[in-house]
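Colleague: Mind looking at a prediction? Sequence and model below.
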Amino acid sequence: MCIRDSSEGAEGYFEDGFQTGFGSGVTFKGYDAEGNPQFYGITDRGPSLDVPSADGTVTDAKKIFPSPAFTPSIGVITLKDGEAVVDEAIRLKNTDGTPLTGLPLPAGSLGATGEVPLDIHLEPLDYDSNGFDPEGIAVDAEGNFWVADEYGPYIAKFSADGTMLEKFAPGDGLPEILQYRIANRGFEGISAAPSGKIFATLQSVLDIDGETSKTATFIRILQLDPKTGETKMYAYPVELSDYASPKNCKIGDVFAIDDNTLLVVEQGKLADGTMRNIIYQVDLTGAADLSNLEYQGKALEYTADRTALEGMMQYTVKRVY
């Protein structure tokens, strides 16, 4: 089954819509009646294109959205006879039932990226105050979806039919400091532990007031207990000698084996120009909760002195693959 975005592009452009890709995040669903493995895969925010400037360079300030009505969706994917087939698409909806879009948030609002959305003719599009940029997906024991968003960054809980039930944001269910994620590098991975706790990882280090992307020595991992609303944060260390800048280290996804053991995909361009794609095992046993920790009166990201922080942040990282 070929799932297509039903919205059409401008006249003469993409009039048949777009074939939808469900690879922004994937999680295991189970087995069908024939024993074939099935997965849930989620889309990104939808198709977008860079806008070159007059001198031919590309700027992140403007983006073309050829299908502005695109609805982020979850696909049910079955592996059969060596092929991955999308059997169903679950379109994501706001709490009031209206379809979500992936359009950027208004300038100046929490989670705004600074991007200016344009249509295929380079005419301005409206912003969407509920715009959503999915990156990771998890399923809890009740069959609800938990989705990581990199705009806010947000964590959203959806029912099995794709209706939003709850949305957690910095300062509203999540620690306020998370608002300082680098634009378009909010929550990238998410996982539901057997206990029901939710783990979400930022894609890269925080850039607090635009001052810490070059000094931070770790990426924040969030733990959320949906039953109590309690949150904790842990440090995933960046090997500074491997990267030209801390922000070049990125977390691609996370899987919670239990409340203390995570598998983390680390990826990024190394200082020597090669790419890293490694799975690490992270042991949080005894790790410090960063929620109320500071160093010399400032957020921990302000110091590049790993030794000064080691006594405050305990963790063990083991390479798996």
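Modeller: Arrived safely.
Colleague: contacting residues for the residue nearest to the spatial centre of the chain?
Modeller: Nearest to the mean C-alpha position of the chain, by C-alpha atoms, centre = their mean, lies Glu188 at 2.4 Å. Neighbour list for Glu188: 135-136, 148, 150, 201-203, 250-253 [criterion: C-beta atoms under 8 Å, 6 or more residues apart in numbering]. C-beta: built from backbone N, CA, C; applies to glycine.
Colleague: Kindly report the same for Asp32.
Modeller: 38, 78.
Colleague: that older thread, turn the contacts of Glu188 into a markdown table, including distance to Lys318, secondary structure and pLDDT.
Modeller: A markdown table is the format used below for the contacts of Glu188 (distance: C-beta to C-beta, whole Å; DSSP: H, G, I helix; E, B strand; the rest coil; pLDDT from 0 to 100):
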| residue | distance to Lys318 | secondary structure | pLDDT |
| --- | --- | --- | --- |
| Glu135 | 25 | strand | 96 |
| Gly136 | 22 | strand | 97 |
| Ala148 | 24 | strand | 98 |
| Glu150 | 27 | coil | 95 |
| Thr201 | 17 | strand | 98 |
| Leu202 | 21 | strand | 97 |
| Gln203 | 22 | coil | 97 |
| Lys250 | 19 | strand | 96 |
| Ile251 | 16 | strand | 96 |
| Gly252 | 18 | strand | 95 |
| Asp253 | 17 | strand | 96 |
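Colleague: So what touches stretch 275-290?
Modeller: 220-221, 232-236, 242, 252, 259-270, 300, 312-321.
Colleague: Restricted to strands, list the residues you listed.
Modeller: 220-221, 232-236, 252, 261-269, 316-319 (DSSP state E).
Colleague: Give the bridge partners for Gly75, please.
Modeller: Following DSSP bridges, Gly75 is listed with bridge partners Gly41, Ala89.
Colleague: Neighbours of it, how many?
Modeller: Applying other C-beta atoms under 10 Å, we find 23 residues neighbouring Gly75.
Colleague: Asp259 now?
Modeller: Neighbour number of Asp259 under other C-beta under 10 Å is 16.
Colleague: residues contacting it?
Modeller: Taking C-beta under 8 Å, 6+ apart, one finds 193, 195, 197, 223, 284 in contact with Asp259.
Colleague: The third one reaches Leu222, doesn't it?
Modeller: No - contact between Lys197 and Leu222 fails when scored by C-beta atoms under 8 Å: they sit 10.3 Å apart.
Colleague: higher neighbour count, those two?
Modeller: Between Lys197 and Leu222, counted using other C-beta under 10 Å, Leu222 has the larger neighbour count: 25 against 20.
Colleague: which residue packs closest to the more buried one, ignoring adjacent ones?
Modeller: Using C-beta to C-beta, 6 or more residues apart in numbering and skipping residues adjacent in sequence, the residue nearest Leu222 is Ala200, 4.7 Å away.
Colleague: can you confirm the one you found is in a strand?
Modeller: Yes - counting by DSSP: H, G, I helix; E, B strand; the rest coil, Ala200 falls inside a strand.
Colleague: if I look at Pro194, how far off is Asp258?
Modeller: Taking C-beta to C-beta, to the nearest Å as the measure, Pro194 falls 6 Å from Asp258.
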